[in-house]
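S.K.: okay, here's the prediction I keep looking at, along with the sequence it came from:
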Amino acid sequence: MPKDVMRNPSSVWHPYTQMSEWDKFTEIVGGKGMWLIDSEGHRMLDGVASMWCNVWGHSKREIISAIQRQSKKSPHTSLFNLTHPEAESLAKKLVSISPNMSRVFYSDNGSTAMEIAFKIAIQYWQNVNNPARTRFVTLTNGYHGDTFGTMSVGFVPAFFWRFKKNMYKTIQIPFANSYRIPRKTSIEDYYEQTLERIEKSLSRDDVAAFVMESGAQIAGGVNIYRNDFQSKIGRLCRKYNVLFILDEIATGFGRLGSLVEYTAQKSPPDIVAYGKMMTAGYLPMAATLTTERIYKSFLGKYSDMKHLYHGHTYTGNALACAVANQNIMLYKKTNLIAKIKKTSRIMSRRLGEIKKIEIVGDIRYKGMLAGIELVSDQRTKKPLRFTKSVNRVVFEAARKNGVYLRTLGNILVLVPPLAISEKEMNFLIDGTIKTLKSILSERRL
């Protein structure tokens, strides 16, 4: 190891992090509302919603009370041959807000929720005597998780290229964000060409399902879909009798402005996965929902072996279910979706100020999500680069301005807690502007 590489004394290995860049990490010892408090008493506004999952901030009394109440009853009860009231109540709530869905399979994170969706899709076709349908069609730069199945279906080259030879084959439809489409191609033509490629792939007789993030691709570059794109794909799936699987783990529960994004997109799926904000960011949990048609294909005599061979130790964890139940009640009680739409207008309006900064090439946004693409040259669109990672540079600069920010490569992503106040939203935008201007000033020195 080179002499100038810093050594971190901690035994913790951090995610998506070049550990040699860090000699220590900011230690968070508390949270108050939308703010994180470190060991030195400094406060940072959580502009990342603690990896896109926090809804109410870090000290919501009703959520903490739900954990305490349930912990006195039963922290965890297996769903193997058993059930419990919180799991039953939550399933009813999820079905009630999810048009056309009727059954809920619980898991504990987004990757596993999508793996379950894939397994359900494959076995569905076996159960209805069409076992040749095994292939998934998806969009490049779609992200569904970090397990091998989710990497295979949602291949993001920058993240997963090292593992490509170990993945199973899928049909990847080329798809770039609006800032990166081929030169001399209009956005309208690009989308039409993409739909044509999708239809050609769906016409094959070995396709089990089409899989996509609902409303937008986030980790693959913050790519907001044009109107009708998702609904047109859904119609193509019905035309060719292909299952339609939607990933709302990061885009549902209000992130893009709708409680259930596929209702806004007018694209009812056969299978949908939720996660992240389902428990307000307080406990790990996810869920995979299906239509009754899908569910009934798994019914029969035990000897038929049609039942789903899948399960997790913490499937339907009682603490997580109790939190999710309380969270959904708070959405309705506070009319959170209406508040999100109001607060997101502040973000939309003020992003214009960020666009004027020299190192900003493009901004893509919807609801409470914004991707700010950083470039070294606006004319050539060359991504911004430093000796250290862009993430490290942005994090350090933002911390000095009282905000917690993180990037996806050269894309700065703003994903604040959904219940953030208008005043705090302005603070986040102000802090982002100061951060980018300070980075620009240092580059000029």
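M.R.: It's in.

S.K.: alpha carbons of stretch 23-32, as PDB, please.
M.R.: Taking C-alpha atoms only, stretch 23-32 is exported to PDB below (Å, rounded to 0.1, in the frame of the first residue of the first chain):
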ATOM      1  CA  ASP A  23      -8.800   7.900   7.600                       C
ATOM      2  CA  LYS A  24     -12.000   8.200   9.700                       C
ATOM      3  CA  PHE A  25     -15.700   8.600   9.200                       C
ATOM      4  CA  THR A  26     -18.100  11.100  10.700                       C
ATOM      5  CA  GLU A  27     -19.700   9.300  13.600                       C
ATOM      6  CA  ILE A  28     -23.500   9.900  14.000                       C
ATOM      7  CA  VAL A  29     -24.600   9.700  17.600                       C
ATOM      8  CA  GLY A  30     -28.100  11.100  17.300                       C
ATOM      9  CA  GLY A  31     -30.900  12.500  15.200                       C
ATOM     10  CA  LYS A  32     -33.400  15.200  15.700                       C
END
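
S.K.: quick one: contacts of that stretch?
M.R.: Residues outside stretch 23-32 that contact it (C-beta atoms under 8 Å, 6 or more residues apart in numbering) are 6-10, 12, 14, 36-39, 43, 46, 57-59, 399. For glycine as for every other residue, the C-beta is placed from the backbone atoms N, C-alpha and C.

S.K.: contacting residues for residue 367?
M.R.: Neighbouring residues of residue 367 by C-beta under 8 Å, 6+ apart: 254, 255, 256, 257, 258, 340, 341, 344.

S.K.: not counting residues beside it along the chain, what's closest to it?
M.R.: The shortest distance from residue 367 to any non-neighbouring residue, by C-beta to C-beta, 6 or more residues apart in numbering, is to residue 257 (3.6 Å).

S.K.: quick check, central residue of this protein?
M.R.: residue 250 (2.5 Å; C-alpha atoms, centre = their mean).

S.K.: that one reaches residue 109, doesn't it?
M.R.: No. Contact between residue 250 and residue 109 fails when scored by C-beta atoms under 8 Å: they sit 11.8 Å apart.

S.K.: what is in contact with those two at once?
M.R.: Shared contacts of residue 250 and residue 109, counting by C-beta under 8 Å, 6+ apart, come down to residue 275.

S.K.: for the stretch 251-400 of the chain, what spans make up the helices?
M.R.: When assigned using DSSP state H, counting those that start in this stretch, the helices of the stretch 251-400 of the chain occupy the ranges 261-264, 292-296, 318-334, 336-355, 390-400.

S.K.: any chance of the ones you listed in TSV, with mean neighbour count too?
M.R.: Formatted as TSV, the helices of the stretch 251-400 of the chain follow (neighbours: other C-beta atoms under 10 Å):
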stretch	mean neighbour count
helix 261-264	21
helix 292-296	15
helix 318-334	21
helix 336-355	16
helix 390-400	19
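
S.K.: out of those helices, the one nearest residue 122 is which?
M.R.: helix 292-296 (11.9 Å; C-beta to C-beta).

S.K.: what's in contact with the closest one?
M.R.: The set of residues that contact helix 292-296 without belonging to it, under C-beta under 8 Å, 6+ apart, is 102, 103, 120, 124, 243, 270, 271.

S.K.: which stretches of the stretch 201-350 of the chain form strands?
M.R.: Along the stretch 201-350 of the chain, the segments classed as strands by DSSP state E, counting those that start in this stretch run 207-213, 216-217, 223-224, 243-247, 271-274, 286-290.

S.K.: can those go into CSV with extra columns for distance to residue 359?
M.R.: As requested, the strands of the stretch 201-350 of the chain are arranged in CSV below (distance: least, C-beta to C-beta, whole Å):
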stretch, distance to residue 359
strand 207-213, 27
strand 216-217, 23
strand 223-224, 20
strand 243-247, 31
strand 271-274, 35
strand 286-290, 36
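
S.K.: got the buried residues for stretch 426-443?
M.R.: Using 16 or more other C-beta atoms under 10 Å as the burial criterion, the residues of stretch 426-443 that qualify are 427-439.

S.K.: rewinding a little: which among the contacts of helix 292-296 count as buried?
M.R.: The buried subset of the contacts of helix 292-296 - by 16+ other C-beta under 10 Å - is 103, 120, 124, 243, 270, 271.

S.K.: contacts only, for the nearest residue to the fourth one once chain neighbours are set aside.
M.R.: Closest residue to residue 243 in three dimensions, ignoring its sequence neighbours and counting by C-beta to C-beta, 6+ apart: residue 209, at 3.8 Å. Contacts for residue 209 were tallied using C-beta under 8 Å, 6+ apart; they are 118, 121, 136, 137, 237, 242, 243, 244, 245, 270, 271.

S.K.: burial check on the third one, number of neighbours?
M.R.: A total of 25 residues lie near residue 136 under the criterion other C-beta atoms under 10 Å.

S.K.: can you give the strand pairings for the one helix or strand it maps to, parallel or anti for each?
M.R.: Mapping residue 136 onto the secondary structure by DSSP states H and E places it in strand 135-139. Counting by DSSP bridges, the strands paired with strand 135-139 are strand 171-173 (parallel), strand 207-213 (parallel).

S.K.: give me the contacts around it.
M.R.: When contacts are defined by C-beta under 8 Å, 6+ apart, strand 135-139 is touched by residues 118, 121, 152-155, 169-173, 175, 194, 198, 201-202, 204, 206-212, 217, 242.

S.K.: quick one: buried ones out of these?
M.R.: Buried by 16+ other C-beta under 10 Å: 118, 121, 152-155, 170-173, 175, 194, 198, 201-202, 207-212, 217, 242, out of the contacts of strand 135-139.

S.K.: skipping adjacent residues, who's closest to residue 427 in space?
M.R.: Of all residues beyond its chain neighbours, the one nearest residue 427 is residue 45 (5.8 Å), with distances taken as C-beta to C-beta, 6+ apart.

S.K.: which residues does the one you found contact?
M.R.: Under the criterion of C-beta under 8 Å, 6+ apart, the neighbours of residue 45 are 34, 35, 36, 402, 403, 404, 416, 424, 427, 428, 431.

S.K.: now the second one: how far from residue 282?
M.R.: This points to residue 35. The span separating residue 35 from residue 282 equals 16 Å under the rule C-beta to C-beta, to the nearest Å.

S.K.: so where is the stretch 301-445 of the chain shaky, pLDDT-wise?
M.R.: Counting by pLDDT under 70, the stretch 301-445 of the chain contains low-confidence residues at 444-445.

S.K.: which non-adjacent residue is nearest residue 58?
M.R.: In this structure, residue 58 finds its nearest non-sequential neighbour in residue 31, 2.6 Å apart by C-beta to C-beta, 6+ apart.

S.K.: residue 306 now?
M.R.: For residue 306, the closest residue by C-beta to C-beta, 6+ apart turns out to be residue 300, at 4.5 Å.
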